[in-house]
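*Asks:* turn this into a structure:
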Amino acid sequence: MARDGDDFLERWSRLKREARQAEAAPAQAPAARAPGPRDLPPLNQLTPESDFSAFMQTGVGDGMRRAALKKLFSDPRFNVIDPLDIDIDDYSKLEALTPELVEKLEHAKRTLLGPQREAPQADAGAPAAAAAPAPAPAAAAEAAPQEDRKDDGVAG
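*Replies:* This next block holds a predicted model:
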């Protein structure tokens, strides 16, 4: 443990300087020669088992890199469709509903929802207040004056 804060700060500063020098040293060293087109294996001799890491180096042109990747991914092992992929089905081609299924759906609709009545069409000249639904009974009881309510001894 350091005796005072100066020792800690001196050590911290020295370590920071050494780290900066270590980062600058590799940059000043002669750069390794990037592989050129002559150093790379011919594309027509590449197989899926070939080493493609030379094509991924920074000195390799994009066209050469893409050609190598195209060669790699042209292997049939990469063209297998995942059966668990949920987006592989063609949902634009729908099957027609059979009359039996339509009848079952109608029966379920009638059973679960009850008979559906069409809402009467409001006249264009009728006032908007007439078209509004009547208030619920609970809302009417809430609107009743306090005098009409029976005092049950419960506050509130």
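*Asks:* any idea how far the closest residue to K71 other than its chain neighbours is from S53?
*Replies:* Sequence neighbours aside, L46 is the residue nearest to K71 in space, at 5.0 Å (criterion: Cβ to Cβ, 6 or more residues apart in numbering). No exception for glycine: its C-beta is placed from N, CA and C like everyone else's. Going from L46 to S53 by Cβ to Cβ, to the nearest Å gives 12 Å.
*Asks:* thought the residue nearest to K71 was touching F73?
*Replies:* No. Taking contacts as Cβ atoms under 8 Å, L46 lies outside contact range of F73: 11.5 Å.
*Asks:* neighbour count winner among the two?
*Replies:* More crowded of L46 and F73, by other Cβ atoms under 10 Å: L46, with 18 against 11.
*Asks:* one step back: hey, what's in contact with both of L46 and F73?
*Replies:* Common neighbours of L46 and F73, using Cβ atoms under 8 Å, 6 or more residues apart in numbering, do not exist here.
*Asks:* got a list of what P48 touches?
*Replies:* Contacts for P48 were tallied using Cβ under 8 Å, 6+ apart; they are L72, D75, R77.
*Asks:* let's see that with 10 Å instead.
*Replies:* Residues near P48 by Cβ atoms under 10 Å, 6 or more residues apart in numbering: K71, L72, F73, S74, D75, P76, R77, F78.
*Asks:* if we only consider the residues you listed, which is nearest to L9?
*Replies:* Distance to L9 across the contacts of P48 (Cβ to Cβ) is lowest for L72, with 53.0 Å.
*Asks:* what's near enough to touch the closest one?
*Replies:* Contacts of L72 (Cβ under 10 Å, 6+ apart): L46, T47, P48, S50, F52, F55, F78.
*Asks:* if we can go back for a sec, pLDDT value on the residue nearest to K71, please?
*Replies:* Confidence at L46, expressed as pLDDT, is 86.
*Asks:* pretty sure it sits against F52.
*Replies:* Yes. Counting by Cβ atoms under 10 Å, F52 is a contact partner of L46 at 7.4 Å.
*Asks:* what is in contact with those two at once?
*Replies:* Common contacts of L46 and F52 (Cβ under 10 Å, 6+ apart): L40, A68, K71, L72.
*Asks:* tell me the buried residues in the helix or strand encompassing the third one?
*Replies:* The reference is to K71. According to DSSP states H and E, K71 maps onto helix 62-73. Residues of helix 62-73 classed as buried by neighbour count (16 or more other Cβ atoms under 10 Å): M64, A68, K71.
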